[in-house]
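Q: Requesting a structural model of the entry that follows:
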Amino acid sequence: MRTLIVLATLLVAACGVDGEPVQPSGGVDVSLSPSGVGLGANIGLNKGPLRVGLGL
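A: Reported below is the predicted structural model:
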């Protein structure tokens, strides 16, 4: 029982060790041109020098 309590305490203490959670960013673009209306969207994640994104 003591081992289980120690393991549970270590597991809870390890939460958040790597810092704050990564927050996503996103946006929507609307453009007007002579040929019509254009729509675009993007979503991304930033964590330090690493950036991952997807655009449509």
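
Q: Just name whatever secondary elements the helix or strand hosting residue 28 is in contact with.
A: In this assignment (DSSP states H and E), residue 28 forms part of strand 24-33. Counting contacts by 3 or more Cβ pairs under 8 Å, 6 or more residues apart in numbering; DSSP states H and E, strand 24-33 packs against strand 36-47. Using the backbone N, CA and C atoms, a C-beta is placed for each residue, glycine as well.

Q: Run through who's touching the strand it packs on.
A: Residues from elsewhere that reach strand 36-47 (Cβ atoms under 8 Å, 6 or more residues apart in numbering): 22, 24-32, 51-56.

Q: For these, which two are the farthest from each other?
A: 22 and 32 (34.2 Å; Cβ to Cβ).

Q: Relative to residue 2, which of the contacts of strand 36-47 is nearest.
A: Nearest to residue 2 among the contacts of strand 36-47: residue 22, at 35.9 Å, using Cβ to Cβ.

Q: Brilliant, that's me finished.
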